[in-house]
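K.L.:
After the sequence you'll find the predicted model.
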Amino acid sequence: MINLIKNELNKVFKKKTIYIMLVIFIVFALFNVIVQKYSAGRYGDYVTEEYEVYKAQIERLDPNNAERLDTYIDVKASMDFYEIVLQYEAGTWRRAYVASEKSGVRQIVMDMTRARYLSRDEEKYDESKSRLDKLLADINVRDWDYIMRADLEQKKESLAGLQASSASAKLEIANAQVEIDALEMRLKYNIPYGDDSKKDYRAFAINDYISYEQALNFYTYGESGENANERELAKRTFVNQSAKARYIVETGDNLNEQSLRTIVADGDFMLLIILLIVMVAGVIVCDEFNKGTIKLLLIRPHSRAKILLSKYVASLIMIVVSAAMVYAIHIIIGGIFYGFGSLNMPVVNWNFADNSLSVMHPIAYLLLKLWVVLPKLILVTTIAFTLSALFNNGTVATLLALLASIGEPIVELVMNRYDLDFMRYFITTNWDFSSYLFGGQSSIEGMTMGVSLAICAAYLLVMMIVALWRFQCEDIKNI
């Protein structure tokens, strides 16, 4: 049996297709890494761009046109607001704070504009102008932590008012608490507003934390319209992302920085792996008949079942070879461009099984990720292998197996949209176990890992029986 498997692997590695795919993988990895490296972090100055847009618009508007007065006011207020923001140096906490909603600058500018052009109340305009001047003067002379502590006290007073009011919604109270937590984190870890030098990624992480926590609050207390399973999946996503953002703030590890670590942990090269394994499994049986070499196999003292099994085992071995090849190429090329130091930075996920933070080495996480998608890779290989035996047509076997893999999200979409409950038992809706990682759950309501495993095992058994039956019945007299 071992010699048969070795023989099949020798045939596989003599095919030019394998080496052509190897070159394609290298080119793809080079392109992928280069694009990610030189496009990451390249952002324009949105403040200047916004100012120029509104400035161009205001030239085409007339404040004396009553029909478009509201438009004029909105554009004029936005232009004046960005003009104020531009007075501060880019990348400083003052510019970031003035540009944010929390500063109140934008609202005051809007009040001034409405007073001058809508109500034509100069007294109200002067009052708003005085408030703006006082606020900006305060920002110009105070340190960021003073401004932040003042914001924190104001937020706490607002929260106390909300908690004292019986009419206040839980969502509003929860969101206010999130903003307080974020301010306290900034003060604790010395993170000013904005993207100040080395602290920028932590500032962004705090903003992410606020977004994810408030999204979580919405799905917890708000009315989202999704069913219970969809709400739970959304909540788990936001819990996980929020935990990652908080980890960045607390440890200083920049988990979002583009590096070799992100290639290893976040890179999705499943299609490349599947492409190679179906190209092998899709022709490994039918090529013997098409080339007439099946007679040379059958004259040996081996049963047809053993010959077929050796081909199947060789196809399964190619799963490991393909995955190792794809990731090794990306790790080597990524290491050349980024260096290998980032592999010391962990992969962080929230573990719902024990409600704790899981911190793993990137390589360990990669192996775990490959382990949970292994059933899918085995089943896709088996589909191509069975079709190869069934139709004796490598092109058909390869394309249909690829179609099954690519069509996975379409099947689930059709099932959910048209409420076709029987489709939950399709192979494509059960073969990816990555959703069960870290105590996760299936996107299909009511499905469990045990049920999915049983369904996958049943499909695998049926396909192997069909392949064996067809191979046993194949007539070789006219080959």
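P.N.:
Cool, got the structure. Numbers count the residues shown, from 1 in each chain.
K.L.:
Past whichever helix or strand Ala137 is part of, which element shows up next along the chain?
P.N.:
Assigned by DSSP states H and E, Ala137 belongs to helix 122-141. Following helix 122-141 in sequence order, the next helix or strand is helix 144-164 (DSSP H and E).
K.L.:
and that following helix, what other elements does it pack with?
P.N.:
Here helix 144-164 touches helix 93-99, helix 170-188, going by 3 or more Cβ pairs under 8 Å, 6 or more residues apart in numbering; DSSP states H and E. The C-beta positions use only the backbone N, C-alpha and C, and glycine is treated the same way.
K.L.:
so who does Arg116 touch?
P.N.:
Residues counted as contacts of Arg116 (Cβ atoms under 8 Å, 6 or more residues apart in numbering) are 122, 125.
K.L.:
Which strand or helix spans it?
P.N.:
Following DSSP H and E, the helix or strand that holds Arg116 is helix 105-117.
K.L.:
what's the angle between that helix and helix 122-141?
P.N.:
Angle, helix 105-117 to helix 122-141, by axes from the mean of the first three to the mean of the last three Cα atoms, to 10 degrees: 160 degrees.
K.L.:
buried ones in helix 105-117?
P.N.:
Neighbour-count burial for helix 105-117 flags 105-106, 108-117 (criterion: 16 or more other Cβ atoms under 10 Å).
K.L.:
Check stretch 425-444 too.
P.N.:
Buried, per 16+ other Cβ under 10 Å, within stretch 425-444: 426-433, 435-438, 440-442, 444.
K.L.:
now stretch 346-353
P.N.:
346-352.
K.L.:
ok so, going back, got the helices and strands packed on helix 144-164 as JSON lines, with distance to Leu61 and mean neighbour count columns?
P.N.:
Shown next, in JSON lines, are the helices and strands packed on helix 144-164 (distance: least, Cβ to Cβ, whole Å; neighbours: other Cβ atoms under 10 Å):
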{"stretch": "helix 93-99", "distance to Leu61": "24", "mean neighbour count": "22"}
{"stretch": "helix 170-188", "distance to Leu61": "35", "mean neighbour count": "17"}
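K.L.:
residues in contact with Ala314?
P.N.:
5, 8-9, 12, 284.
K.L.:
Please repeat the previous calculation with a cut-off of 10 Å.
P.N.:
Applying Cβ atoms under 10 Å, 6 or more residues apart in numbering to Ala314 gives the contacts 4-12, 280-281, 284, 321, 385.
K.L.:
how distant is the helix holding Arg116 from the center of its chain?
P.N.:
Using Cα atoms, centre = their mean, to the nearest Å, the mean C-alpha position of helix 105-117 is found 40 Å from that of the whole chain.
K.L.:
Next: stretch 245-264.
P.N.:
Worked out by Cα atoms, centre = their mean, stretch 245-264 lies 14 Å from the chain centre.
K.L.:
I'd like the mean pLDDT over it, please.
P.N.:
For stretch 245-264, the mean per-residue pLDDT is 91.
K.L.:
got it, and stretch 440-453?
P.N.:
The pLDDT scores in stretch 440-453 average 90.
K.L.:
and if you look at stretch 183-197?
P.N.:
Across stretch 183-197, pLDDT averages out at 82.
K.L.:
likewise stretch 289-300?
P.N.:
75.
K.L.:
Buried residues, it. List them.
P.N.:
Using 16+ other Cβ under 10 Å as the test for burial, stretch 289-300 gives 289, 294, 297.
K.L.:
Same list, these, but as CSV with distance to Lys188 and secondary structure please.
P.N.:
Compiled in CSV, those are given as follows (distance: Cβ to Cβ, whole Å; DSSP: H, G, I helix; E, B strand; the rest coil):
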residue, distance to Lys188, secondary structure
Phe289, 70, helix
Ile294, 72, helix
Leu297, 70, helix
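K.L.:
Next, format those residues as JSON lines and append distance to Gly225.
P.N.:
Converted to JSON lines, the buried residues of stretch 289-300 look like this (distance: Cβ to Cβ, whole Å):
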{"residue": "Phe289", "distance to Gly225": "55"}
{"residue": "Ile294", "distance to Gly225": "58"}
{"residue": "Leu297", "distance to Gly225": "59"}
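K.L.:
Any idea how far apart the tips of stretch 346-354 sit?
P.N.:
Stretch 346-354 has its terminal residues 19 Å apart, counting by Cα to Cα, to the nearest Å.
K.L.:
do you know how far the nearest residue to Ile108 once chain neighbours are set aside is from Lys306?
P.N.:
Nearest residue to Ile108, sequence neighbours excluded (Cβ to Cβ, 6 or more residues apart in numbering): Leu132, at 4.7 Å. Distance, Leu132 to Lys306, by Cβ to Cβ, to the nearest Å: 86 Å.
K.L.:
Tell me the gap between the helix or strand hosting Ala467 and the middle of its chain.
P.N.:
Per DSSP H and E: Ala467 is located in helix 449-473. Mean-position distance between helix 449-473 and its chain equals 32 Å (Cα atoms, centre = their mean).
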